[in-house]
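[1] Prediction below, plus the sequence it came from.
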Amino acid sequence: MPRTLRLDPAGGRHHVMNRGARRAPIFVDDADCLLFLEVLAELPARFGVIVHAYVLMPNHYHLLMTCPRGNLSRAMRHLGARFTGRLNRNHPDWDGPVFRGRFKNRVVSDDAYWMHLLAYVHMNPVRAHLVPEPDASRWSSHAAYVGRERPPAWLSIAELREMYGTTEAYRSHLRDLQQKRDVAPDEFDPGDFAAPTRSRALPAEPLPEPLEVDRALADVSEVTGVLDLRTTQRGRGGNRAKWLAAWWLSTATDLTQVEIAETLGASESVVSRWIRRVREESVKSGELKDLTTKLLERGTS
């Protein structure tokens with residue numbers, strides 16, 4: 001039987017989804033999540049697509065994308081093939097397909113539907129009982145939309161933020177969905193991706209309850225031995241402590257990156273680099289991984 005012709009008009013807005021083969025987990029550790037985002041980051045420059053939002057669940061993902069050139073299939077083939085190849089190399093005991101088949105997409109023309117999709121994908125970890133509320137979800141674009149993290153260059157949030165008007169309007173929509181005070185547009189159809197996924201939590205989720213700033217800084221001082229994290233530190237130990245402080249404040253508190261920069265006496269761009277460095281290095285064996293593990297353990301105690 002021939003495949004169904006995929007709708008891919010030039011300039012089309014798409015809700016894109018795919019699931020692991022045999023519904024098995026795709027993302028089993030932080031490195032897998034980072035790898036997917038690294039490959040996803042290649043698509044705008046390589047194919048001219050616009051990535052508006054994403055969420056990574058244990059055994060599936062959702063993307064919101066616009067394809068000005070009508071080349072969604074080419075972009076997604078690249079994403080699937082490159083991610084699969086690199087993932088199989090990273091897991092020597094894995095071999096073969098990662099995804100269960102072709103990705104699914106739905107073309108979205110209605111603005112209300114498009115706005116609902118943003119809230120829907122960001123609520124996925126909450127519906128699946130992986131986190132208590134969206135701010136606790138690490139592997140989604142929600143943090144960029146509420147100002148908790150600066151969006152990477154490849155993520156375009158301007159269109160949907162402008163549709164909502166204010167961050168509070170977006171947050172209000174999320175609360176209404178969570179408390180079932182709002183419903184999806186009549187034509188909304190998430191398909192078989194609507195069911196919660198309880199197979200396993202994604203790795204290293206942030207803490208459900210935000211910590212006070214002084215408590216978070218005290219945690220970093222305890223595990224690093226550096227007492228004054230609000231002043232400039234010199235030398236390897238001091239630098240490492242500042243990196244960890246930036247990461248822990250972004251993970252365990254309600255501070256935005258601007259507020260973290262003010263707290264640590266650094267620029268926002270520097271703080272962003274510190275956080276990114278800790279996230280990248282903490283997936284490898286070594287001192288930073290040990291320290292981040294200690295902080296996560298302290299935060300849950």
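    Good, I have the coordinates. Residues are numbered from 1 along each chain as shown.

[2] the strands in the stretch 1-150 of the chain, which residues?
    Using DSSP state E, counting those that start in this stretch, the strands found in the stretch 1-150 of the chain span residues 12-19, 50-56, 60-67, 104-107.

[3] Likewise for the stretch 151-300 of the chain?
    Counting by DSSP E, counting those that start in this stretch, one finds no strands in the stretch 151-300 of the chain.

[4] quick one: low-confidence parts of it?
    181-210, 231-238, 254, 279-286, 297-300 (pLDDT under 70).

[5] 90 instead, please
    Per-residue confidence for the stretch 151-300 of the chain (pLDDT under 90) gives these ranges: 176-300.

[6] What about the nearest residue to residue 45 once chain neighbours are set aside, how many residues nearby?
    Nearest non-adjacent residue to residue 45, counting by CB to CB, 6 or more residues apart in numbering: residue 154, 7.6 Å away. (Each C-beta comes from the backbone N, C-alpha and C, glycine too.) For residue 154, the neighbour count with other CB atoms under 10 Å is 16.

[7] Now residue 154: phi and psi?
    Main-chain dihedrals, residue 154, degrees, to the nearest 10: phi -80, psi -10.

[8] The one 3 residues further on too?
    Residue 157 adopts backbone torsions of phi -110, psi 0, taken as degrees, to the nearest 10.

[9] Verify the contact between it and residue 142 for me.
    No - if you go by CB atoms under 8 Å, residue 157 and residue 142 don't touch, sitting 10.3 Å apart.

[10] out of these two, which sits in the busier spot?
    residue 142 (28 against 15).

[11] residues in contact with the more buried one?
    Counting by CB atoms under 8 Å, 6 or more residues apart in numbering, residue 142 makes contact with 55, 122, 134, 135, 148.

[12] May I see the strands of the stretch 1-150 of the chain arranged in JSON lines, with mean pLDDT and distance to residue 168 as well?
    Converted to JSON lines, the strands of the stretch 1-150 of the chain look like this (pLDDT from 0 to 100; distance: least, CB to CB, whole Å):
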{"stretch": "strand 12-19", "mean pLDDT": "92", "distance to residue 168": "24"}
{"stretch": "strand 50-56", "mean pLDDT": "96", "distance to residue 168": "18"}
{"stretch": "strand 60-67", "mean pLDDT": "95", "distance to residue 168": "21"}
{"stretch": "strand 104-107", "mean pLDDT": "90", "distance to residue 168": "28"}
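
[13] so which of these gets nearest residue 265?
    Nearest of the strands of the stretch 1-150 of the chain to residue 265, taken as CB to CB: strand 50-56 at 32.3 Å.

[14] Alpha carbons of that closest one, as PDB, please.
    The C-alpha trace of strand 50-56 is given here as PDB (Å, rounded to 0.1, in the frame of the first residue of the first chain):
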ATOM      1  CA  ILE A  50      11.900  27.500  12.300                       C
ATOM      2  CA  VAL A  51      11.700  25.600  15.600                       C
ATOM      3  CA  HIS A  52       9.100  27.300  17.900                       C
ATOM      4  CA  ALA A  53       8.900  24.800  20.800                       C
ATOM      5  CA  TYR A  54       9.800  21.300  21.900                       C
ATOM      6  CA  VAL A  55       9.300  18.700  24.700                       C
ATOM      7  CA  LEU A  56      11.300  15.500  25.200                       C
END
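
[15] Which residue ranges make up each domain of this structure?
    Domain segmentation of the chain under automatic domain parsing yields 12-193, 213-299.

[16] I'd like to check which residues are in contact with residue 257.
    Residue 257 makes contacts with 147, 148, 149, 150, 250, 268, 271, 272, 275, as judged by CB under 8 Å, 6+ apart.

[17] Please point out which parts of stretch 158-174 sit buried.
    By 16 or more other CB atoms under 10 Å, the buried positions in stretch 158-174 come out as 160, 161, 164, 170, 171, 173, 174.

[18] go on, stretch 245-259?
    245-253, 255-257, 259.

[19] Just give the number of residues close to residue 110.
    For residue 110, the count of nearby residues is 12 (other CB under 10 Å).

[20] What pLDDT is listed against it?
    Listed pLDDT for residue 110 reads 89.

[21] Just the helices from this structure, written as ranges.
    In the chain, the helices defined using DSSP state H lie at 30-40, 43-47, 72-90, 111-127, 142-145, 158-164, 167-178, 213-224, 235-252, 257-264, 268-281, 287-299.
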